[in-house]
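A.B. asks: sequence first, predicted model second:
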Amino acid sequence: MLDFIITKYGSVDTREMKHFILLAFYTGEEETALKFEEYYYKKMGISVVPYQKDQNGHNQLYDVIKDWNSKINQTSTYLYDSYKEIEEVVEHYGR
């Protein structure tokens, strides 16, 4: 369905990938399945982000997202800035 919607009704600019898809692969599938998926999704402007499912199968996705969350929180000041803003609003509430 995604293929139909994008290729029939949308114009795809493949120079800039604005969408991403997480796909699970077994080690060794990089030259076959992964390359095919990258080729397929690139036409729709979607970049494939692979992760290995050798140890935990599709449950590995939980660990991937947990790891990303940790890395994002270490490099981004968004949570700190948001918390600081909330504290300031609460402190000055009603003044």
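C.D. replies: Received, thanks.

A.B. asks: tell me where the chain has helices.
C.D. replies: Under the criterion DSSP state H, helices of the chain are mapped to 2-9, 35-42, 60-75, 78-91.

A.B. asks: relative to V48, which of those helices is closest?
C.D. replies: Nearest of these to V48, taken as CB to CB: helix 35-42 at 4.9 Å. Every residue, glycine included, has its C-beta placed from N, CA and C.

A.B. asks: what packs against the closest one?
C.D. replies: Counting contacts by 3 or more CB pairs under 8 Å, 6 or more residues apart in numbering; DSSP states H and E, helix 35-42 is packed against strand 46-52.

A.B. asks: low pLDDT regions in the chain?
C.D. replies: For the chain, the stretches flagged by pLDDT under 70 are 1-17.

A.B. asks: most centrally placed residue in it?
C.D. replies: F20 (5.4 Å; CA atoms, centre = their mean).

A.B. asks: can you pull the contacts of that one?
C.D. replies: Counting by CB atoms under 8 Å, 6 or more residues apart in numbering, F20 touches I46, S47, V48, V49.

A.B. asks: contacts for stretch 26-36, please.
C.D. replies: L23, F25, V48, P50, Q52, K53, D54.

A.B. asks: in PyMOL, how would I select the buried members of the residues you listed?
C.D. replies: Burial among the contacts of stretch 26-36 is assessed by 16 or more other CB atoms under 10 Å; the matching PyMOL selection reads:
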select buried, resi 23+25+48+50+53
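
A.B. asks: for the contacts of stretch 26-36, which one is nearest T75?
C.D. replies: Nearest member of the contacts of stretch 26-36 to T75, counting by CB to CB, is P50, at 21.7 Å.
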